[in-house]
Each structure stands twice: as structure tokens, then as C-alpha cells.
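Asker: need a 3D model of the sequence below.
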Amino acid sequence: MKRTLLLTTGAAACLVLGAGDYPYVMALHRIIADNADIPPLATLELLDLYQAKVRQQINCLGSPRFWRQELVQAELRRYILLSRLSCSDAAEEALRHAAMLQERSSSPTETQVELLRKAAERVYGK
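Answerer: Coordinates of the predicted model:
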């Protein structure tokens, strides 16, 4: 009984706190998506903050497809930004992480990675 009460109380607090962050998470999304004038390093910092908030939403509200797709898109943006900054190793890591999230696999195939590379370059530019 005591354990159930704690779990219920924790879940309720998580829902209240997590739901309160939703507008903030979406505002970060809009800032990142709509402002091409932000310097790449600042955008990378915003992506870090955005991904942390998305993960917080996942922890509180579960892992619906929407949030996982948001993380994939953030990693694809990170890939493009790091490529522009000539950080090829970090860019490839971001791309592989996007493929892992997309495919729910710890080891995506090269074909999956290449498909995401082409999608990122088409959608976010190279």
C-alpha cells in the first residue's frame, strides 16, 4: 500500500511537472527550426537543451512516437551543423544515433544510416 501510494504520487508529480514543460519544449523547437541566423555553436547548445527537455517529457509521459521522432530530427540537425563545422567524427556519431533512435536498434545498418544522411541533407541542407 505504501509503495503504491509513493508510485502514484510520483507519477502524478511527474505528469504535473512534465506537462508544465510542454510549452517550453515546443518553444525551443520553434526557435531551433525557424532561426537559420543563429550561429551553429549556439544552435548546438539549444539542441542539447531541447533534447534534455524532450527526454524529460519521455521520462514523465512515456515514449510515444512523437517524442522519439523529435529526438531523431534533433540528431539530424546536429549532424548537419557538425558537418558544417568540419567535425566529421561527431557528425557521424549524431547520424548513427539518429538511426539507432529511428530503428530502435543498438546497431543500425549502413543502409539505414545512409538513408538518414540523405534525408538530413535534403531537409536541413548541407
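Asker: any idea how far the spatially most central residue of the chain is from Ser86?
Answerer: The C-alpha lying nearest the average C-alpha coordinate of the chain belongs to Leu71 (Cα atoms, centre = their mean; 2.2 Å). Per Cβ to Cβ, to the nearest Å, Leu71 is found 24 Å from Ser86. In this view, the C-beta of every residue, glycine as well, is placed from N, C-alpha and C.
Asker: ditto for Arg77
Answerer: 17 Å.
Asker: between the two, who's got more neighbours?
Answerer: Arg77 (22 against 8; other Cβ atoms under 10 Å).
Asker: so the more buried one touches Asp48, yeah?
Answerer: No - the pair Arg77 / Asp48 is not scored as a contact, 11.5 Å apart, by Cβ atoms under 8 Å.
Asker: which elements pack onto the helix or strand containing Phe66?
Answerer: If you go by DSSP states H and E, Phe66 is part of helix 65-84. Under the contact definition 3 or more Cβ pairs under 8 Å, 6 or more residues apart in numbering; DSSP states H and E, helix 65-84 sits against helix 2-34, helix 40-61, helix 88-103, helix 110-124.
Asker: how about CSV for those, with mean pLDDT added?
Answerer: Shown next, in CSV, are the helices and strands packed on helix 65-84 (pLDDT from 0 to 100):
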stretch, mean pLDDT
helix 2-34, 65
helix 40-61, 91
helix 88-103, 94
helix 110-124, 94
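Asker: mind putting these into TSV with distance to Leu82 and mean neighbour count?
Answerer: Listed next are the helices and strands packed on helix 65-84 as TSV, based on distance: least, Cβ to Cβ, whole Å; neighbours: other Cβ atoms under 10 Å:
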stretch	distance to Leu82	mean neighbour count
helix 2-34	15	12
helix 40-61	8	16
helix 88-103	4	18
helix 110-124	11	15
